[in-house]
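A.B. asks: below: sequence and its predicted model.
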Amino acid sequence: MSNGAYNLTRRGLGGLAAAAALARPARAQGSAAPGAKGTPIRIGLMLPYSGTFAQLGESITAAFELHLAERGTQLGGRPVTVIKLDDQSDPAAAPQNVNRLLNREKADVLVGTVHSGVVMALVQAAREKGVPLVIPNAGNVAASRELCSESVFRTSFSNWQPAYGMGKALAATGVKRAAWVTWDYAAGKEAGEGFRDGLKSGGAELIQVLALPFPETNFQPILAQLPGLGVEAVGSFFAGGGAVQFVRDYAAAGLRDKLPLCGSGFLTEGTLAAQGAAAEGIRTALHYGDGLDVPKNAAFRKAYRDKSGRDADVYAVQGYDAAQLLGAGADAVKGDLDADKALFAAMRAARIDSPRGAFTLSAGHNPVQNIYLREARGGMNQVIGVAAEALADPGTGCKLT
Ligand code: PHB
């Protein structure tokens, strides 16, 4: 299913591999004595605060700050300063934005981002400089596979994981032939591969992938093609504002009853109020959902609502857990982030008490987690089953153990 349109991703990865071969320069330090007690830990938070993923960045930030506040705004006994940067989900601006956080803002730790193309600049910096990076969303599989690194951690998912669960659950309903509709960038492509693998595990087949450039929302040419493909269902990856539009346009095109729509759970995550009746009945798969019987979840949702005035979604959960993971590492080294071997080992070994349910990390530093099957009902993504239990990304090409 790959085509020439994904060249940008492949070029990017080639460049990163070359960069990783370079010697690792010393980590950027603040002007005060590095790692000293009482000196703030400077966290560079690089997220989208504008564009189609703006709401996702806001949710991550609010929950990240919620957990910092719960800890008394300290990590390992040191105060914390958060520096926020709007990356606009723009891959072209990403290297400059990362440089700014490291060189001008003297960030000790990087947290970001949402977009799978943009995250590559963060991964490259973490690999080259040994700066700790926690990814609170972007699912680019390379970060847990060939570009896995001792300094790179993720509290979210790989793009492959939720879509694999969806493909598996769809095949279990008896569907034999399905199509995938998405944005033409790493996340859409990799989620499509997960969907394909999940379908295959149940004896079904991915017939066709239809994609449009990120973050465009002119879905009509694609919607017009779907009835002629000879498929029984349509899977998709969209998120944020684009997901709202896609679900509405799919319903308006009269396709809902002819070709059931499903997808990676981002399709209906944090978007249901805006999608309204158009989303009713849509099945998706994700590592979170409404009605999960997890004690930590109830407390988290209340605290998050009190702080932000909004209901928590998966992005909030991932942001909260990014702060938890950093906290686990910093506590283990008593705030001395220069003790990076011990810091990374503690983060690697952490068991995160997440609102989604406790999780640990795989060798590629990506959560091993249940993927839930959900159905959109009355404005909620109700959990109706487990699509894949304790699912790990395959981690192909990662040499960490
Ligand atoms: C991604 O680009 O990796 C991405 C963006 C938004 C999502 C999920 C994944 O909701």
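C.D. replies: Structure's in. What do you need?

A.B. asks: can we go C-alpha only for contacts and neighbour counts from here?
C.D. replies: Fine.

A.B. asks: give me every residue in the chain lying close to the ligand.
C.D. replies: 114-116, 138-140, 187, 239, 266 (C-alpha under 6 Å from any ligand atom).

A.B. asks: give the buried residues for the one helix or strand L66 maps to.
C.D. replies: Secondary structure assigned from DSSP states H and E places L66 in helix 54-70. Using 16 or more other C-alpha atoms under 10 Å as the test for burial, helix 54-70 gives 54-68.

A.B. asks: of the residues of the chain next to the ligand, closest to S89?
C.D. replies: Checking these against S89 with C-alpha to C-alpha, the nearest one is H115 at 5.7 Å.

A.B. asks: give me the neighbour count for the closest one.
C.D. replies: Residues lying near H115 (other C-alpha atoms under 10 Å) number 23.

A.B. asks: my read: it touches Q88, true?
C.D. replies: No: at 9.2 Å, H115 does not count as touching Q88 under the criterion of C-alpha atoms under 8 Å.

A.B. asks: A312: neighbour count?
C.D. replies: 23.

A.B. asks: same for the lengthiest helix in the chain, what does it pack against?
C.D. replies: Across the chain, the longest stretch assigned as helix under DSSP state H is helix 314-332. Helix 314-332 makes packing contacts with helix 54-70, strand 74-75, strand 133-135, helix 340-349 when contacts are defined by 3 or more C-alpha pairs under 8 Å, 6 or more residues apart in numbering; DSSP states H and E.

A.B. asks: can you put these in a markdown table and add mean pLDDT?
C.D. replies: Formatted as a markdown table, these follow (pLDDT from 0 to 100):
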| stretch | mean pLDDT |
| --- | --- |
| helix 54-70 | 98 |
| strand 74-75 | 97 |
| strand 133-135 | 99 |
| helix 340-349 | 98 |
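
A.B. asks: can you list these in TSV and add distance to R356?
C.D. replies: Below are the helices and strands packed on helix 314-332 laid out as TSV (distance: least, C-alpha to C-alpha, whole Å):
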stretch	distance to R356
helix 54-70	14
strand 74-75	23
strand 133-135	17
helix 340-349	18
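
A.B. asks: sec struct for V181, please.
C.D. replies: With DSSP: H, G, I helix; E, B strand; the rest coil as the basis, V181 sits in strand.

A.B. asks: which residue is nearest the middle of the protein?
C.D. replies: Centroid-nearest residue in the chain, with C-alpha atoms, centre = their mean: N137, separated by 2.4 Å.
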